[in-house]
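Asks: Requesting a structural model of the entry that follows:
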Amino acid sequence: QVQLVESGGGLVQAGGSLRLSCAASGSIFSINAMGWYRQAPGKQRELVARMISGDSTNYADSVKGRFTISRDNAENTVYLQMNSLNPEDTAVYYCNAILRVVGRSGSYQYWGQGTQVTVSS
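Replies: Okay, the predicted model is just below:
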């Protein structure tokens, strides 16, 4: 089994910063990609930032220049540094991983439980 455990959400004022962490654990053979999605009330879940093996990154246009994704390969952990937060960033943030599991063929997608980020104006 694989688990993704997130931490770092909370309440912050506009212009502030937060850092999210997501640690993957379990029978992981290799990680193809890890990243963050978010879902605001009444909206669809959307990609925020993603890091693909080889350190290629993708960012949503709305967060470019403000958010930075990074990864600790040795710890199977991905971080999201969020700066210059604004109320539109308020959402539940979900960690996502696409990885290969020991003893099984193919790649599988996993989600964390979500962490709330609230930005007050």
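Asks: Please count neighbours and contacts with C-alpha atoms only from this point.
Replies: OK.
Asks: Sticking with the residue positioned nearest the centre of the chain, tell me its helix or strand.
Replies: The residue lying closest to the centre of the chain (CA atoms, centre = their mean) is Trp36, at 2.4 Å. Using DSSP states H and E, Trp36 maps to strand 28-39.
Asks: who does the residue nearest to the centre of the chain bridge with?
Replies: Counting by DSSP bridges, Trp36 is bridged to Ala49, Cys95.
Asks: residues touching it, list them.
Replies: By CA atoms under 8 Å, 6 or more residues apart in numbering, the residues touching Trp36 are Leu47, Val48, Ala49, Arg50, Leu80, Tyr93, Tyr94, Cys95, Asn96.
Asks: Go through those residues and give me the one with the most neighbours.
Replies: Within these, most neighbours by other CA atoms under 10 Å means Cys95, with 30 neighbours.
Asks: ok so, going back, for the strand holding Trp36, buried residues please.
Replies: Ile28, Ile31, Asn32, Ala33, Met34, Gly35, Trp36, Tyr37, Arg38, Gln39 (16 or more other CA atoms under 10 Å).
Asks: ok, back up a step: distance of the residue nearest to the centre of the chain relative to Glu88?
Replies: For Trp36, the distance to Glu88 equals 16 Å [CA to CA, to the nearest Å].
Asks: try Glu46
Replies: For Glu46, the distance to Glu88 - CA to CA - is 13 Å.
Asks: for Asn73, same thing?
Replies: Remark: distance between Asn73 and Glu88 (CA to CA) = 31 Å.
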